[in-house]
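**Student:** what's the 3D shape of this:
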Amino acid sequence: MISFIIGEIDSIEKNSVIINNNGIGYEIKVSDSTINKIISLGTNEKLKLYTFMSVKEDSICLYGFLSLSQLQTFNQLITVSGIGPKAAMNILSNMSDEDVLFAIASEDTDALSKIPGIGKKTAQRLVLELKDKISLPALKNQSHIENNECTDAIDALCSLGYVRSDVIKIVMEMETENLSAQEIIKIALKFFAK
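**Tutor:** Predicted structure coming up:
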């Protein structure tokens, strides 16, 4: 198993990068967001990528990530039935690892189903299979949004067309202890207006 590779960027392709490590060129598949960060570095720069090795009958592929949190999210995604390495990389190309976990934790299937290739059923399966397994620091302090006023405000904002995970993020940042649902909605709308 190859846990990470450190080397010079030899070349950058559409969805992969070739890293020169001691005279050996490793082709590593990466997400669109990672490729954009690598492009900003340019060739001949030193790079460290955490990797996942996919071994199948007809191929061996390395998938690369700039951070351990991205790799951990990728590993969680591929445990879902019907989500392989390519689909997981597609998800991480369209959403940050934190946004993916937040969408799953907040059961925001609408945000997940906006990803190309991820339909409503797949988004529901992601939420169903991963909701209880993910750990997201921001959600560990969610108890203050689980009161009736916050729940009503979140539901109302979602009915206005705002994305559930975005609404929850904003409400979690507020001091909602003595606020009514209407006051929470007003404050949240100001955040969205910015």
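**Student:** let me know the secondary structure of residue 58.
**Tutor:** Of the three states, residue 58 takes coil according to DSSP: H, G, I helix; E, B strand; the rest coil.
**Student:** with residue 10 instead?
**Tutor:** Applying three-state DSSP: residue 10 is strand.
**Student:** end-to-end on stretch 29-48?
**Tutor:** Start-to-end span of stretch 29-48 (CA to CA, to the nearest Å) is 14 Å.
**Student:** show residues contacting it.
**Tutor:** Residues from elsewhere that reach stretch 29-48 (CB atoms under 8 Å, 6 or more residues apart in numbering): 4-12, 14-17, 19, 49, 61-66, 70, 85, 89, 92-94, 96. Heads up, the C-betas are built off the backbone N, CA and C, glycines and all.
**Student:** just how off-centre is stretch 48-64 within its chain?
**Tutor:** Relative to its parent chain, stretch 48-64 has a centroid offset of 19 Å by CA atoms, centre = their mean, to the nearest Å.
**Student:** and the average pLDDT for that stretch is what?
**Tutor:** Averaged over stretch 48-64, pLDDT sits at 93.
**Student:** what comes up buried for it?
**Tutor:** Within stretch 48-64, the residues that qualify as buried are 49-52, 61-64, counting by 16 or more other CB atoms under 10 Å.
**Student:** in helices only, show me the contacts of stretch 29-48.
**Tutor:** 70, 85, 89, 92-94 (DSSP state H).
**Student:** which residues in this protein form strands?
**Tutor:** Per DSSP state E, the chain carries strands over the ranges 4-12, 16-21, 24-29, 46-55, 60-65.
**Student:** picking up where we left off before, tell me the one of the ones in helices among the contacts of stretch 29-48 nearest residue 122?
**Tutor:** Of all the ones in helices among the contacts of stretch 29-48, residue 122 sits closest to residue 94, with 13.1 Å by CB to CB.
**Student:** give the contact list for the closest one.
**Tutor:** Going by CB under 8 Å, 6+ apart, residue 94 touches 32, 114-116.
**Student:** which residue is nearest the middle of this structure?
**Tutor:** Centroid-nearest residue in the chain, with CA atoms, centre = their mean: residue 97, separated by 2.3 Å.
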